[in-house]
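Novice: Prediction below, plus the sequence it came from.
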Amino acid sequence: METYWVSLSMWAGKVHSVRARETEDFTGGSMWKSLLLGTLLGGLTAFFWSSISWEILGWHERPLLHFNNEEEVSAVLLSHTTQSGTYLLPSTGAQNGMAPDQKKAAQAALIEQFRKGPILFAALRRDGYGSYAKGLLVQLLSLMAAAFLLSCLLLQTQGLGYRQRVAFQSIVGLAAGVISDLPNWNWWGFSGVYTVVNIMDFTLTWLLAGLVIAKVVNPRTKPS
């Protein structure tokens, strides 16, 4: 009987040692390999889909409206701005140095302007887009950065099968779309169709990239 318990104890010790060694290996080279593959392959997949989404499907452009007489609008923008950047109309303006009642009156006037409109929230490039290749490179690197973060998140999970890991990535994409686009719809008047398209695109991007990331990033169950 004593021999049996000694054998069982030795077997349990070997199992614990193997599991600990696997976990140690995974948290070392294997983990970084998973992160690297998830970053590269997930980022490339997301980039490939974004090219299809923007260049072929064209569903982002269809909800956009156009100004009457764009040349005249462009001339007004150039003559009434001094630099590229993000603009808000009506502007809050500089309220530093105002007396309390002056500041209160300015805020009341601003609220009234926002109430009656028009309101414009826009990004302006005075000198045009510049290098298209540079834009594509920044887009690719941005998507790889997102794929890296999603791979890191996935490594924090335990016990998920392949489909569950893909669903996890998709839900993160959906959450990103909701967080970034619903406030713009609510506060700045981005159209409902444009908002829905962006949220759907976020979800599809990380569903498709998730199919790849979930293949190469498979967190192991940590020993208790």
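Specialist: Right, received. Where do you want to start?
Novice: Could you identify the longest helix within the protein?
Specialist: Of all the elements of type helix in the chain, the one with the most residues (DSSP state H) is helix 162-188.
Novice: Show me what it is packed against.
Specialist: Helix 162-188 is packed against helix 132-155, helix 192-216, with contacts defined by 3 or more Cβ pairs under 8 Å, 6 or more residues apart in numbering; DSSP states H and E. C-beta coordinates here come from the backbone N, C-alpha and C atoms, glycine included.
Novice: Nearest approach to P118 belongs to which of those helices?
Specialist: Closest approach to P118 among the helices and strands packed on helix 162-188 (Cβ to Cβ): helix 192-216, 17.7 Å.
Novice: What is the burial count for V217?
Specialist: 27 (other Cβ atoms under 10 Å).
Novice: and stretch 103-111, which residues are buried?
Specialist: By neighbour count on 16 or more other Cβ atoms under 10 Å, the buried set for stretch 103-111 is empty.
Novice: actually stretch 172-182, not the one I typed
Specialist: Neighbour count says stretch 172-182 has 172-174, 176-177, 181 buried, by 16+ other Cβ under 10 Å.
Novice: OK, contacts around the spatially most central residue of the chain?
Specialist: Centroid check for the chain by Cα atoms, centre = their mean gives A176 as the closest residue, at 5.3 Å. By Cβ atoms under 8 Å, 6 or more residues apart in numbering, A176 lies in contact with 202, 206.
Novice: if I look at it, how far off is H66?
Specialist: 28 Å (Cβ to Cβ, to the nearest Å).
Novice: do the same with S79
Specialist: S79 is 20 Å from H66, by Cβ to Cβ.
Novice: Likewise for V193?
Specialist: Taking Cβ to Cβ, one finds V193 at 15 Å from H66.
Novice: Which one's more surrounded, those two?
Specialist: Between V193 and H66, counted using other Cβ under 10 Å, the more crowded position is V193 (12 against 6).
Novice: is it true that that one touches E61?
Specialist: No: look at V193 against E61 with Cβ atoms under 8 Å: they stay out of range, at 11.5 Å.
Novice: For the protein, give me the ranges with low pLDDT.
Specialist: By pLDDT under 70, the weakly predicted segments of the chain are 1-29, 94-97, 220-224.
Novice: Shouldn't A123 be within a strand?
Specialist: Yes: applying DSSP: H, G, I helix; E, B strand; the rest coil, one finds A123 inside a strand.
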